[in-house]
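K.L.:
quick one, fold the following:
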Amino acid sequence: MEMEQRRQLQNHKGEAMNTSEMGKEDITLDWRGRPSNPTKHGGMRAAAFVLGLQSFEIMGIAAVGNNLITYVINEMHFSLSKSANIVTNFIGTVFLLALVGGYLSDSYLGSFWTMLIFGFVELSGFILLSVQAHVPQLKPPPCNNIAAADNGEECIEAKGFKSLIFFVALYLVALGSGCVKPNMIAHGADQFNPESPKQSKKLSTYFNAAYFAFSMGELIALTLLVWVQTHSGMDVGFGVSAAAMAMGLISLVSGTLYYRNKPPQGSIFTPIAQVFVAAILKRKQLCPSNPQLLHGSQNNVPNDTTTFSSDAGSFLHAEKFRFLDKACIKMQDGTNTKESPWRLCTVTQVKQVKILLSVIPIFASTIVFNTILAQLQTFSVQQGSMMDTKLTKSFHIPPASLQSIPYIMLIVVVPLYDTFFVPFARKFTGHDSGISPLKRIGFGLFLATFSMIAAAIMEEKRRDAAVNSNKILSIFWITPQFLIFGLSEMFTAVGLIEFFYKQSLKGMQAFLTAVTYCSYSFGFYLSSLLVSLVNKITSSSGSSGGGGWLGDNNLNKDRLDLFYWLLAGLSFLNFLNYLFWSNWYSHKPSSSASSAPGNETPMEDYNHYRLDDNNIP
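P.N.:
This is a model prediction of the structure:
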C-alpha cells in the first residue's frame with residue numbers, strides 16, 4: 001500500500017512538473033501526503049482555520065507588545081528611552097525571525113509543521129512571561145517611577161537573573177511569533193490556485209480577509225486584553241495571551257483534513273547562488289543576440305531546478321541586470337559534456353533572481369513607514385498616559401488601548417473595501433485586486449506622512465497646555481494620528497504582502513512573505529537608532545536644555561513634537577523615493593530587436609522585460 005502511494009505521488013509530481021512548465025498549477029498534497037482533491041481541499045473553508053490562528057496569534061502577541069512598554073517601565077523599572085528600545089528591538093526581532101520561518105517552511109518543514117512547532121515555542125514564552133509577572137522574586141522591588149523622580153531617587157532596575165528570565169521569555173515569544181507569521185499568510189494563500197481566474201479573485205479576497213482577521217485580533221487585544229492587564233495585573237494579562245495562542249493552535253489543527261499543502265523543495269537558496277556563481281565564472285563571455293539560444297529558453301529545464309517555476313518558455317530577456325544572462329551561456333567546445341549547474345543555469349533561474357533583485361527597492365521603501373508604526377506603539381502610548389484618560393467617572397481608557405481606534409474603523413472599512421471598491425475598481429483597471437499592489441502601497445505611504453503631522457501638532461498642543469496652562473487634554477485628541485495611520489496600513493501592509501506573494505517565484509511564497517515582515521523589523525530597528533541618534537545630537541547641541549529631545553522620562557520636558565516633525569519629513573522623502581523605484585520597477589524599456597532581420601519569432605516577448613505589477617500572475 002505504501003509503495004502504491006509513493007508511485008502515485010511520483011506520477012503526480014511528474015504531472016505537476018509538466019503542467020508547471022505550461023504555467024499551470026503547482027503540486028499540492030493532503031495531510032497524508034497524497035495528491036490533494038480540488039473538491040475536498042483548499043478554498044476559503046480551509047483558509048478560515050488559518051485565519052482563526054491569525055486572529056488568536058495576533059491577539060496574544062499584540063496584547064504583550066502594545067502594552068509591554070508599560071510593564072517594562074512600571075515593573076522592570078527601565079528608563080523611558082531604554083524601555084522604548086526594548087520594545088522596538090523585541091518587535092523588530094519578531095519580524096526579522098520571519099525569514100527563518102519562511103526559509104524552514106519552503107525548504108524543509110512546510111508551512112503547516114512550521115506553524116505547529118513554533119506555535120508551541122511562542123506559547124511557552126507567554127507562559128514564562130506570566131510566571132515572571134506573577135512571582136515577586138522574579139521582579140525588582142515595587143516602586144513608583146514618578147514619585148521617585150520627584151524625590152530625586154531612582155527605582156531599582158531589573159538585573160541579573162530577573163532580567164535574564166524576562167528576556168528569555170520575551171525572545172521565546174519573538175522566535176515563535178516570527179516563524180509563525182509568514183506561514184499563516186502563505187499557508188492561507190496556498191489554499192487558492194492563482195492560475196485560475198476565479199480562484200485569483202478569491203485570493204485577493206483572502207488577503208483582505210487576512211487583514212480583517214488581523215484587525216479583529218488587534219482590536220480585542222487592545223481593548224479586552226489590555227483592560228485585563230490594567231485591572232487584573234500583567235500576570236493575568238500574559239496568561240490570557242497564552243490562552244489565546246492555545247486557541248489559535250487548536251484552530252490550526254482543526255483544519256488539517258481540509259488543507260492543500262505545498263511540499264518543501266529543499267534549499268531555496270541553492271539555485272539563486274548558482275546563478276551568481278555561473279554569471280561570475282562566465283563574466284567574460286558574450287551573450288548571444290538571440291535569447292532563444294540561452295540554456296533552458298525552449299522549455300528544456302533540467303530536473304534540478306524544480307525549486308522554481310519552469311515557465312522558461314515565457315522567459316523575458318531583461319534589460320535589468322543583464323550581466324546575469326551570462327549564467328545561461330552554453331560553452332561551445334564541440335562535445336556534449338554536461339556542464340555543472342554551478343556553471344550553467346536555465347533562463348528560469350535567472351528570471352527568478354532578477355525578480356528578487358528588482359523587488360528589493362520596493363521592500364526598502366516601506367522601512368520608514370514601519371518606523372512610524374514603532375512610534376505609535378511606544379511614544380504615542382506614553383503620550384496618552386500624560387492625558388486625561390477618563391471616559392466616565394469610574395472608567396478610564398488604558399493608554400495602550402488607543403491603538404484599537406484604527407482597528408475599530410478597519411473592521412468596518414475592510415469589508416466595505418473588498419465588497420464595493422474592489423469590484424468597482426476592477427471594471428476600470430481589469431486588476432483582480434481593484435488597484436494594483438504597487439499603487440496600493442504608494443497611497444498608503446503617502447497617508448503615513450499625515451499621521452506624523454497630526455501627531456506633531458497634537459503633541460505640541462498637549463505639551464503647551466500642560467506646561468503653560470497646567471491643563472490636561474483629553475486622550476481623544478490624539479486619535480487622528482491613529483486613524484490616519486490605520487488607513488495607511490490597510491493600503492501599505494496588504495499591498496506589500498499581495499505584491500510579494502504574487503511574484504512568480506514558485507516554492508518561495510513563505511519566504512517572500514517573510515521578506516515583507518522584515519520591513520517591520522528594519523523599521524523598528526531604525527526607530528531605536530533614530531531615538532539614540534536624536535538624543536545624542538540634540539543633547540550635544542543643547543536644543544532642549546541639554547537632555548536631548550527624548551532624554552528625560554517626562555514628556556513635558558522632552559520635545560516629542562520635534563521628533564514627530566522629523567519623522568513626517570522623512571516619511572515624505574521616503575514617499576518620493578518610492579515613486580522613483582516603483583516607476584523603475586514598472587518601466588518597459590524600448591528595443592529595436594523586434595525588427596531585427598531574420599527574426600521569425602516575435603522578439604517583443606524576449607527584449608521587452610516589464611516588471612509590471614499588473615502582469616503579476
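
K.L.:
for the stretch 201-350 of the chain, what spans make up the strands?
P.N.:
For the stretch 201-350 of the chain, no strands are identified by DSSP state E, counting those that start in this stretch.

K.L.:
would you map the helices across it?
P.N.:
If DSSP state H, counting those that start in this stretch is used as the criterion, the helices of the stretch 201-350 of the chain fall at 226-232, 234-254, 270-281, 347-364.

K.L.:
what residue spans form the domains of the chain?
P.N.:
Taking the TED database as the criterion, the chain consists of the domains 28-265, 268-296+315-345, 359-586.

K.L.:
those domains: which one's closest to residue 352?
P.N.:
Distances from residue 352 to each of the domains of the chain were compared by CB to CB, and the smallest falls on domain 359-586, at 5.4 Å. Any C-beta I mention is one placed from the backbone N, CA and C, and that applies to glycine too.

K.L.:
tell me who's in contact with the residue lying closest to residue 396 once chain neighbours are set aside.
P.N.:
Once its chain neighbours are removed from consideration, residue 396 has its nearest residue in residue 389; the separation is 4.4 Å (CB to CB, 6 or more residues apart in numbering). Contacts for residue 389 (CB atoms under 8 Å, 6 or more residues apart in numbering) come out as 396-399, 475.

K.L.:
again, only using 10 Å
P.N.:
395-399, 401-402, 472, 474-476 (CB atoms under 10 Å, 6 or more residues apart in numbering).

K.L.:
and those, which two are furthest apart?
P.N.:
The span of the contacts of residue 389, defined through CB to CB, is set by 401 and 472 at 17.9 Å.

K.L.:
residue contacts, residue 340?
P.N.:
Remark: with contacts taken as CB under 10 Å, 6+ apart, residue 340 is in contact with 274, 277-278, 281.

K.L.:
if you set the cut-off to 6 Å instead, what comes out?
P.N.:
With contacts defined as CB atoms under 6 Å, 6 or more residues apart in numbering, residue 340 has no neighbours.

K.L.:
next one: residue 446
P.N.:
Applying CB under 6 Å, 6+ apart, the residues near residue 446 are residue 575.

K.L.:
what pLDDT does the model give it?
P.N.:
Turning to residue 446, the model gives it a pLDDT of 94.

K.L.:
assumed it was part of a strand.
P.N.:
No: assessed with DSSP: H, G, I helix; E, B strand; the rest coil, residue 446 is helix; it does not lie in a strand.

K.L.:
where does the stretch 451-600 of the chain have low pLDDT?
P.N.:
Low-confidence segments of the stretch 451-600 of the chain, defined by pLDDT under 70, span residues 504-506, 540-547, 551-553, 587-600.

K.L.:
so which bits of stretch 31-45 are buried?
P.N.:
Judged by neighbour count (16 or more other CB atoms under 10 Å), stretch 31-45 contains these buried residues: 35-36, 41-43.

K.L.:
so where's the stretch 151-300 of the chain uncertain?
P.N.:
Low-confidence segments of the stretch 151-300 of the chain (pLDDT under 70): 151-153, 287-300.

K.L.:
any idea how far residue 391 is from the residue most central in space within the chain?
P.N.:
Central residue of the chain (CA atoms, centre = their mean): residue 517, 2.4 Å from the mean position. With the distance defined as CB to CB, to the nearest Å, residue 517 ends up 35 Å from residue 391.

K.L.:
and what of residue 208?
P.N.:
When CB to CB is the yardstick, residue 208 and residue 391 sit 32 Å from each other.

K.L.:
settle it for me: which of these two has more neighbours?
P.N.:
It is residue 208, of residue 208 and residue 391, that has more neighbours when counted by other CB atoms under 10 Å, with 20 against 12.

K.L.:
apart from its chain neighbours, what residue comes closest to the more buried one?
P.N.:
Take residue 208 and drop its neighbours on the chain: the residue closest to it by CB to CB, 6+ apart is residue 418, 4.1 Å away.

K.L.:
would you confirm that the one you found contacts residue 210?
P.N.:
No: proximity of residue 418 to residue 210 does not meet the contact threshold set by CB atoms under 6 Å, at 11.1 Å.

K.L.:
what's around the residue found closest to residue 386 once you drop the neighbours it is linked to in the chain, how many residues?
P.N.:
On the basis of CB to CB, 6+ apart, the spatially nearest residue to residue 386 that is not a chain neighbour turns out to be residue 555, at 5.2 Å. Neighbour count for residue 555, taken as other CB under 10 Å: 21.
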